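Undergrad: Next come a sequence and a model predicted from it.
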Amino acid sequence: MIGVIGAGAWGTALAHLLAGDRTPVMLWARDPAIADTINRTRGNPLYLPGVALHPAIRATCEIDDLTSLPVLLAATPAQALGTVLAVMPHFAGDLVLCAKGIEAQSGRLMPDVASAAMPLAALAVLSGPTFAHEVAAGLPTAVTLACAGGDAQWQRLSPMIARPAFRPYFSHDLIGAEIGGAVKNVLAIASGVVAGLGLGQNARAALIARGFAEMVRFGLAFGADSETLTGLSGLGDLVLTCNSPASRNYALGEALGQGGDARVLLAARRTVAEGAFTAPVLVQLARDRQIAMPIAEAVAALVSGVVPARAIVDALLARPLRPELDAPILGEYRLG
């Protein structure tokens, strides 16, 4: 049996995927009503509507039910991960982190959050270009599975996670996989802003390319491998989320570009746009290491309500001209 922590769209889709070959899956939901609905109706209409969930899934609202399982996939929102995992400090199996973000309060990446809460667990990271509804529908998907335990852990986990249309690729680089997933959420908000303002496809392509340069600068400064950042969990995930309203972060950015108020939009959302929480802490971490990230800074200003979208775009376009491959100087871009 495999356990999945978190019955949102992504957790439910993963549970459905894993149960597809009749593997028993225990799915933990924070809300007892969601667990009851899944068990009674074989569906999760709140987060994954239209999907008839596999009967091998059993939902529970008691997280202690998962403590004896050999493998857990953690798919809670990034900001809740530490709190949820802290109730299982003695878990010593494989813990696969599926959340994408940086803990806003501490500035920690998800492996640091998880290792503090579950010091005995063997950590891995599952990340890549994935929309929950496509995974649940069985559409072809490729992801990075980064294993802290190296080849031995990969050999143990990959047969449990791989499915005919769900293909994991091995990596040892947990930092790179996590940074790619966290930074792309912020950049997807910026891409949505471009769409909301009607700036066109040329602008979006430029945004993705220059945003990717920021991801690489940040990742390399924190010890990520360049191959990871140019792979599925970096560039691959960035391309997906920057080009579709199915991305929660892109949809938030589009609404902001159309003049929406950040506080109102965030308060009204049932699902979490992780980039809104990640942007401010990402910018602070970059400043601490003298890494210039003008697009990320623009998003942080936008989600905080400091500056409207149009003014932010104007400020980005007014930046000094330079060779494309030069590393920009920290502090040359400031709003206000």
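TA: Now that the structure is in, tell me what you want to look at.

Undergrad: any idea which helix or strand comes after the host helix or strand of Asp237?
TA: Assignment of secondary structure by DSSP states H and E places Asp237 within helix 237-241. Next helix or strand after helix 237-241 toward the C-terminus (DSSP H and E): helix 248-257.

Undergrad: okay, now the domains of this structure?
TA: According to automatic domain parsing, the chain comprises the domains 2-172, 175-317.

Undergrad: tell me the most buried of those?
TA: Ranked by mean neighbour count, those are led by domain 175-317 with a mean of 21 (mean count of other Cβ atoms under 10 Å). Quick note: C-beta positions are derived from backbone N, CA and C, even for glycine.

Undergrad: circling back: which one of the domains of the chain lies nearest to Leu325?
TA: Closest to Leu325 of the domains of the chain, according to Cβ to Cβ: domain 175-317, at 8.9 Å.

Undergrad: Does the residue nearest to Ala92 when sequence neighbours are not counted belong to a helix, a strand or coil?
TA: Counting by Cβ to Cβ, 6 or more residues apart in numbering, Ala92 lies nearest to Leu120, which is 4.1 Å off, once chain neighbours are set aside. Here Leu120 takes the coil state, with states given by DSSP: H, G, I helix; E, B strand; the rest coil.

Undergrad: which residues in the stretch 101-250 of the chain form strands?
TA: In the stretch 101-250 of the chain, the strands defined using DSSP state E, counting those that start in this stretch lie at 122-127, 141-147, 166-171.

Undergrad: mind putting the domains of the chain in TSV, distance to Leu325 and mean pLDDT included?
TA: What follows is those, written out as TSV (distance: least, Cβ to Cβ, whole Å; pLDDT from 0 to 100):
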stretch	distance to Leu325	mean pLDDT
domain 2-172	26	97
domain 175-317	9	93
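
Undergrad: Restricting to C-alpha, output stretch 224-233 in CSV.
TA: Provided in CSV are the C-alpha atoms of stretch 224-233 (Å, rounded to 0.1, in the frame of the first residue of the first chain):
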residue,chain,number,x,y,z
ALA,A,224,21.5,23.1,-8.1
ASP,A,225,22.8,21.2,-11.1
SER,A,226,22.4,23.0,-14.4
GLU,A,227,21.1,19.8,-16.0
THR,A,228,18.3,19.7,-13.5
LEU,A,229,17.3,23.3,-14.2
THR,A,230,17.2,22.7,-18.0
GLY,A,231,15.3,19.4,-17.5
LEU,A,232,11.7,18.4,-16.7
SER,A,233,11.5,19.9,-13.2
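
Undergrad: At the geometric centre of this protein, which residue sits there?
TA: With distances taken as Cα atoms, centre = their mean, the residue of the chain nearest its centroid is Lys100 (2.6 Å).

Undergrad: so who does the residue lying closest to it once chain neighbours are set aside touch?
TA: Excluding its sequence neighbours, the residue lying closest to Lys100 (Cβ to Cβ, 6+ apart) is Gly181, at 3.3 Å. Contacts for Gly181 (Cβ atoms under 8 Å, 6 or more residues apart in numbering) come out as Lys100, Gly101, Ser127, Ser233, Asp237.

Undergrad: Using TSV, lay out the residues you listed together with distance to Asn243.
TA: Below are the contacts of Gly181 laid out as TSV (distance: Cβ to Cβ, whole Å):
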residue	distance to Asn243
Lys100	17
Gly101	20
Ser127	18
Ser233	17
Asp237	11
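
Undergrad: Closest to Asp173 out of those?
TA: Ser233 (8.8 Å).

Undergrad: Now the residue nearest to the centre of the chain: which helix or strand?
TA: Assigned by DSSP H and E, Lys100 falls within no helix or strand.

Undergrad: Wait, it touches Ser127, no?
TA: Yes - counting by Cβ atoms under 8 Å, Ser127 is a contact partner of Lys100 at 6.3 Å.

Undergrad: okay, and the common contacts of these two?
TA: With Cβ under 8 Å, 6+ apart as the test, Lys100 and Ser127 both reach Glu178, Gly181, Asp237.

Undergrad: Need the contact partners of the helix holding Asp237.
TA: Counting by Cβ under 8 Å, 6+ apart, 100, 127-131, 180-181, 183-185, 187-188, 191, 208, 211-212, 215, 247, 249-250 sit against helix 237-241.

Undergrad: Inside helices: which ones of those residues?
TA: The helices, defined by DSSP state H, take in 180-181, 183-185, 187-188, 191, 208, 211-212, 215, 249-250 from the contacts of helix 237-241.

Undergrad: Break down the stretch 201-336 of the chain into its helices, ranges please.
TA: 201-221, 226-229, 237-241, 248-257, 262-267, 274-288, 294-303, 309-317 (DSSP state H, counting those that start in this stretch).

Undergrad: swap that for the stretch 51-200 of the chain, sorry
TA: According to DSSP H, counting those that start in this stretch, the helices that the stretch 51-200 of the chain contains are 81-85, 110-117, 132-136, 150-161, 174-196.

Undergrad: Please identify which of those helices is closest to Thr144.
TA: Distance to Thr144, taken as Cβ to Cβ, is lowest for helix 174-196 among these, at 5.1 Å.

Undergrad: relative orientation of that closest one and strand 166-171 in degrees?
TA: Between helix 174-196 and strand 166-171, the angle comes out at 130 degrees (axes from the mean of the first three to the mean of the last three Cα atoms, to 10 degrees).
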